[in-house]
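[1] what would the 3D arrangement of this be:
(chains A and B)
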Amino acid sequence: MQQIKNIFMRTSKSGLTTLNTFTFLLVSCLFFSCQKELEEHPQAVAAEDFYNTAEEVETAVNAIYTPLRMTMFPNYIATLECQSDWLYGRGSWTPLSEFQGLNDANVTRVSGFWNTFYESIRNCNLVIKNAPLGTDISAEDVARYVAEAKFLRAFCYFQLVRNWAGVPLRTENNMLDPDLPKSSVDEIYDFILGDLLEAESKLPPTQADGGRPTVWAAKALLGDVYLQLGQYEQAETKANEVMESGNFSLVKIANKEDFQQKLYGPDIQTTPEEIFAFKYSRLPDQGNYILWISNHPSTKLFSFDGAYAVHGDATNPNYVHWDDADIRKQLWDKINFGLGPNTLVSSKYIDQKAISQVGAGNDQPLYRYAEILLMFAEANCRVNNTVTPEAMEALNRVHRRAYGLDSQVPADIDFAVANYNVTSFIDLIIRERGYEFVYEGKRWLELKRTGKVDELIQYGKAKTVAEKHLLWPIPVSEMNYNKALDPQTDQNPGY
Amino acid sequence: MMYKQMKCVKWFALLVLTVCQTMIAVGAEQEGLRQVITMKATNVSLAKAFSMLKQETGFTVFYGNQLINDQERVSFNFSKQPLSSVLDELLKEKSIRYELRRNRVIVLSKANIPSQATRMQQQITGKVSDKNGPVAGISVRVKGTNRGTSTNQEGNFSLQASAGEILVFSGLGYTEKEQTVGSETTIHVLMEEHVQEIDEVVVIGYGTVRKSDLTGSVAQVKAKEVNAFPNANVLQALSGRAPGVQIRQASGAPGPSMSVRIRGGNSIQGSNEPLYVIDGFPIKDSPTQINNSEIESIEILKDASATAIYGSRGANGVVLITTKSGKAGKTKVDFETSFSTQRLLKKLDLMNAREYAQFYNEQATNDGVDPYFTEEQVNAFGEGFDWQDFVFKTAPMSNSSLNISGGNEKTVFSLGGSIFSQDGIIEGSDYKRYSLQTRINHKISDKFRAEFSGTLSKLATYRKDSEKGNRGNSLMSAAISSPPILTPYNDDGSYRVLHTSYPFMATDLRNPINYINEQSNVTKANVALLNASIIYDITPDLFLKVAGGMENRDDRSDGYTTTKFYNSIGSASIKTNQFTSLLNENTLNYSKEFNELHRINAVLGFTYQNFKTTYLTASGTGFLSDDFYTGKLDAADVPGIPTSGYAKSVLLSYLGRVNYTYNDKYLFTASIRRDGSSRYSDGDKWGYFPSAAFAWRAFNEPFIKQISFMSDLKFRASWGLTGSQAIDPYTTLNLLPPGKTIFNDDYAGTFAPSTTLPAPLKWETTEQFDLGLDFGLLNNRLLFSADYYIKNTRDLLSTVSLPSSMGYLRTTKNIGKIQNKGFEFGLDAVALDGPFHWDINANISFNRNKVIKLNEGDDILRDNINMLVVNDATGILREGRPVGQFWGYLEEGYDDTGNIVYKDLSGDGKISDADKTYIGDANPKFIFGLNSTMQYKNFELNLFFQGSYGNDIFNASSISNTMDYGFGLNMPKEVLYDHWSPENTDTKYPKISKNISVRASDRFIEDGSYIRLKNIMLSYRLPVQQLSLSWLQNLQVYVSGQNLWTGTGYSWWDPETNFQVDQNSYPLAKSITFGLRAGF
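    A predicted model of the protein is given here:
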């Protein structure tokens, strides 16, 4: 202590000089370290130095799935289903089933879908733009990842164009231009076909990771787009190519539990019927939210209750005229939760070991082999303008499986070619699709595609559909901030 | 950039040199008369003696040449003698009077020589004390002579005086007192602390200043007010105490977070909280680590002249907290303890079971469903179960602290320890804090001093703030929503599942017992704030201070939901967080007075501060047994993905300030700070923050001094720029946050940008202009201050919405402008003096704010609420409108089916977003505080009111519980008794039907004005001296009540905690406190 004191004492004698020296030293030290100190060094990756290796690009591709898979897609399915001839919305979902356009709650909900599709499109564009610039990635890897991104970009635009018609076409070339006018519906479809044809040519026939698109997924989606565009020959070709591949078959079903467990169940990894699906798992925040939307607590089929937000009704003619022997009909339970004794709750998606509301393991089918068969049946019939035995066989396979029969073996319940003309066969296919794909988000878009909206909504729910109800409004989040859009002329009718 | 950098260094170096070379003589802070001196010499000149005195004490002795012959030889040997007796000795028999001035100057002048030589002098002894006990260092003089002494450590003195002479007792911080010598030779004097001392010292950034020399707007809150009633957070104690400062509890939960607005909010994106500085260390958040009893004073810097020295962190004002330090002399021991009981401020008047059943039967009938209950069932329900009584309890709170302080001429110290413990009014919520505070000042040599201050705290809080929510899906919402026809338990003791008990009940409705018993969340934190400095007195006027400090906060939160919670398989989570900030400050301080006319005070410095945060989280779901709690995450069926984070930022600063006072009349202050922050983009990292101020102490002009009732008058004007660091580190970088998705049945990694597009950013700058007036009347019995200010904030960081098709939803730009302007008035008055003493302090502040500019004039919709039936933005930022503007629909009564009719403002025949308009304003017209202290003998009664007038509240809590019919939620009685029916159409509420269309309308806007009796206290000071308890210096006992009365028209729980939007927050408690304060 004394020593220290002495040092202080001594220093003090030459006070001013020491101070000046000290100050200069301090200042010059600071001068050299100043700039360095103010540089930021986050322990994280930045976009500028990313997308260089195959591993990096793969994680960027994976990020395309995240926005879609989370609660968005189950909500999207539920919103579409409320507008079908089958299902009814409860609470905030009710106005969708009134077919008079969307109210505030549903405008908000669908604007979330818009935002999410575009977030995934942005992630696609980031891959498509940056992967080819990667410093340490092979040309094959670039092609494969770009093809996957283009498949998903086409998938998103296909949803957008069917629900909103013309939309701004965000590509890798105009990602950061805020103001972008709407492209026409034709331009969007041309773009989708361009992406899908590239995806079809570059995607592998099998993927090590279940949940990534294969060449077959590209063909299935292409077929669906062609069907939408009325290009039935191409649609038939794509469906046929998938059928001819021999890679896919319908899952054998003996009873309701098989549907619940072997086709839609939480434990299955994949099925021979799966062509493209979003994958979910019993991991925190990685499960399928649709179980929460569909289930009712009293059934205990979902370990986290359920909100029964979208439900059926036993007085709906589709249900009334449904053959009781069809096992699919058993996936409905009558539960009176305050809306009367005829209320139906779906038990299609169940998981009694889910870990949370968003912790159910059930994958979400997007394209199943059953759809390819029905796609083939319709396209074949429309191309040939007659009911061919091949088309009828394709339909019958789906129908037989629903009765627990071997789909390959003719059965008593088969529909006969002789009993149908083109119109009634198409109607039959539409009816079968209704039974087969309920709660998979297909129906409303199918009714719009086939021009059956008015007829079948009237039949199923005895409701008239307002013109404005056919398209969703472009959200405020786009209309207000994209200066290339004119709210008077670019908004969809009625909003 | 390089060039700019070079310039800044040159500027700094030049200033340092100039300051060093021009400075000559003495100056430092005042330690007062109490310091004791040891010096001896033989046959030296008086001038030499004075110069020795200066070396020893820092006091310069001033005198005129004609007054004294300073070459006169003296010899002396002083050993530990007080300054006053040294002076008395040196000046003895010279008819010279001395006067100690605060800034270390002793002025000698001629004393009047009364003809008193013939009088009989006798030895007078006595004791001087104040209400806390004996006082050392009080100067005792015989009026009109140079005879004098000062009190020793025990407060005793003795001197020669004759009867009829007057003894004058004076000392720093005390009102001068005179006592005529009578026949008694023993005199006891009780000194009173200055009631309103104009010459007090005020702490400002990087220094102190005499209150009379202030040019800026600075509010000071003293220990007594800070410690008036028990508070978990020191900021609670500031509420209503200072004009222009709006402080409110953000929630009633124990250990609450506070919201502090000094002269309104400047930022719409960043924090509007002020910067907190504890003993010179700018801390990260609000000062939760410190106990009120450890605080000496709090200064609130409001205008730019005061805050600009904090540069880029000064825009929201600065709160300087000074902890207690010791005084040389007898060691003081202070002990305080209090115990309070708290209970719910107010219960909502909800329906009882019978009313509830009746209500839902009506809803069923209206909605075409059969009534849920028969008439007999309805009548049998009776009162039913009171869920508010079930959820809210009476809860204790206690606070104890012990402070030991003292020291000698070389070292002074203060050592404090405290335990604060508060239980929440919801079982299972609490807040505990154990803290230790130390402050040591040591004089190493005549050139070097060392200072240390440190606070170590341990905080632990169990939280039950499952807030917000709707339809009973949070604890707060469930507490009022739960049906009175149901009880928490089934007959077998298990928890009742409310939502499946009847088919009409909301899916989300949870039995509150789940949250109370089966969910826990505890945060424990260790907080250290350590500050050490070495001070080198280069010359008596100039010192260099090199300070190093560290703030460190380690906390860990454990959350657990048991398997008994409804539908839970058990889930556990742990988050640990470490925050460290290192500070180095190097400042040169100079102060000097020339010719009694010029006074200069200057500071120059360079500081470096860094901030580093790291965190780690881990979780698990699915537990075999609740015994694991968070102790074995590896026992979880499904482990969560661990996450971690890291962020570091650096702030480099150069600062300088000069205060110049001419003749105590004209006061100038100029300051500048240059800040460089790592958070901003290259090229925009550095910013300048200058300020200038002028004050005219008009009272010192002779023509004002003549006005007899006037005792002080000062005009102030200031201008300056301050900044706000509204962004987090790395905001301007294009980072790719990691994520996970699923392929097969397993995780796959993802990297993608967030939905916010990064953009180059710079500081928000606030330009503030302030005009102030202080005046004192009737010997300062009445002190009044008024301020007018305008604050313009530019380069406002503003969220700019992007077209969502970009995949980015928003970006941040320096785009907006916002303005706050207002008046604030403060009044300190001694209403009655004498045996019955009455002090009144009052303040009132008026602030108006408005948005001047937004990106391309685009509105920003905000404050979204999601209450299922209403899912909408409630606020709007629009040019020309205030921040806090409510936005919604206007109601126009009911249609003939009892449904609400909304005003079709757009006239397009339908109700849409286009019909939304201004429906209210969250900004108060004024806020106020009123404190009254009455003393009579040993009793003191204190009343403290605080309030807000003219602010609206959007009562979102009432959406579910007054308008969301058909889900079995309980509601206030008035919904049952005042709703639409065909017979009664002029009602507050519409028809009871689940098909009522509810929108964010003016219905939910309520007047949030209130006046609250924050504290009422009656205390009694035991007459310890009369009781001859020599070991006890003072003892005060008190009983007080907090929040006992509130005058408001607000319908829900509380208008104070629910500022702006009320959405089911933890309600406030009222409390009764018993306490005692003792000094030994």
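[2] C-alpha from now on. contacts and neighbour counts both.
    Noted.
[3] spit out the contact partners of the closest residue to chain B within the stretch 51-200 of chain A.
    At 3.9 Å from chain B, A:E119 is the closest residue in the stretch 51-200 of chain A, using CA to the nearest CA. Residues near A:E119 by CA atoms under 8 Å, 6 or more residues apart in numbering or on different chains: A:I64, A:P67, B:T755, B:S805, B:M806, B:G807, B:Y808.
[4] just those now: which is nearest B:Y360?
    Minimum distance to B:Y360 across those is 40.9 Å, recorded for A:P67 (CA to CA).
[5] where does chain A have its least confident helix or strand?
    Every helix and strand in chain A was compared by mean pLDDT, DSSP states H and E; the lowest is helix A:2-13, with a mean of 42.
[6] with chain B instead?
    helix B:2-22 (a mean of 43).
[7] quick check: closest non-adjacent residue to residue 495.
    No chain specified, so I'll use chain A. If the residues on either side of it in the chain are set aside, A:Y495 comes closest to A:P473, at 6.1 Å by CA to CA, 6 or more residues apart in numbering or on different chains.
[8] sorry, should have said chain B
    B:Y489 (4.7 Å).
[9] wait, the one you found sits on B:P512?
    No. Contact between B:Y489 and B:P512 fails when scored by CA atoms under 8 Å: they sit 10.9 Å apart.
[10] show me how far the strand or helix carrying B:I919 is from its chain's centre.
    Using DSSP states H and E, B:I919 maps to strand B:917-921. Centroid displacement of strand B:917-921 relative to its chain, using CA atoms, centre = their mean, to the nearest Å, is 30 Å.
[11] need the helices for the stretch 251-400 of chain A, in chain order.
    Shown for the stretch 251-400 of chain A, the helices assigned by DSSP state H, counting those that start in this stretch span residues A:256-258, A:290-294, A:317-320, A:369-384, A:389-402.
[12] let me have the ones you listed in JSON lines, extended by distance to A:A46 and mean pLDDT.
    Formatted as JSON lines, those follow (distance: least, CA to CA, whole Å; pLDDT from 0 to 100):
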{"stretch": "helix A:256-258", "distance to A:A46": "47", "mean pLDDT": "95"}
{"stretch": "helix A:290-294", "distance to A:A46": "34", "mean pLDDT": "95"}
{"stretch": "helix A:317-320", "distance to A:A46": "54", "mean pLDDT": "96"}
{"stretch": "helix A:369-384", "distance to A:A46": "41", "mean pLDDT": "97"}
{"stretch": "helix A:389-402", "distance to A:A46": "49", "mean pLDDT": "97"}
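[13] what helix or strand is the residue of the stretch 51-200 of chain A closest to chain B on?
    With DSSP H and E as the criterion, A:E119 is inside helix A:104-130.
[14] what sits against the residue in the stretch 401-550 of chain B that chain A sits nearest to?
    Per CA to the nearest CA, B:P503 is where the stretch 401-550 of chain B lies closest to chain A, at 5.0 Å. Going by CA under 8 Å, 6+ apart, B:P503 touches A:N336, A:F337, A:G338.
[15] count of neighbours near the first one?
    Right, A:N336. When counting by other CA atoms under 10 Å in any protein chain shown, one arrives at 13 neighbours for A:N336.
[16] any residue of the helix or strand containing B:T614 touching chain A?
    Secondary structure assignment for B:T614, by DSSP H and E: strand B:598-621. Yes. Strand B:598-621 is in contact with chain A by CA under 8 Å from any CA of the partner chain, via B:T621.
[17] same question, stretch B:899-906
    No. Stretch B:899-906 lies out of reach of chain A by CA under 8 Å from any CA, never closer than 13.9 Å.
[18] cool, and stretch B:874-885?
    No. Counting by CA under 8 Å from any CA, chain A has no neighbours in stretch B:874-885; the shortest distance is 14.1 Å.
[19] before we move on, what about stretch B:965-982?
    No. Stretch B:965-982 is not in contact with chain A by CA under 8 Å from any CA; minimum separation 10.0 Å.
[20] for that stretch, which positions count as buried?
    Using 16 or more other CA atoms under 10 Å in any protein chain shown as the test for burial, stretch B:965-982 gives B:965-973, B:975-976, B:978-981.
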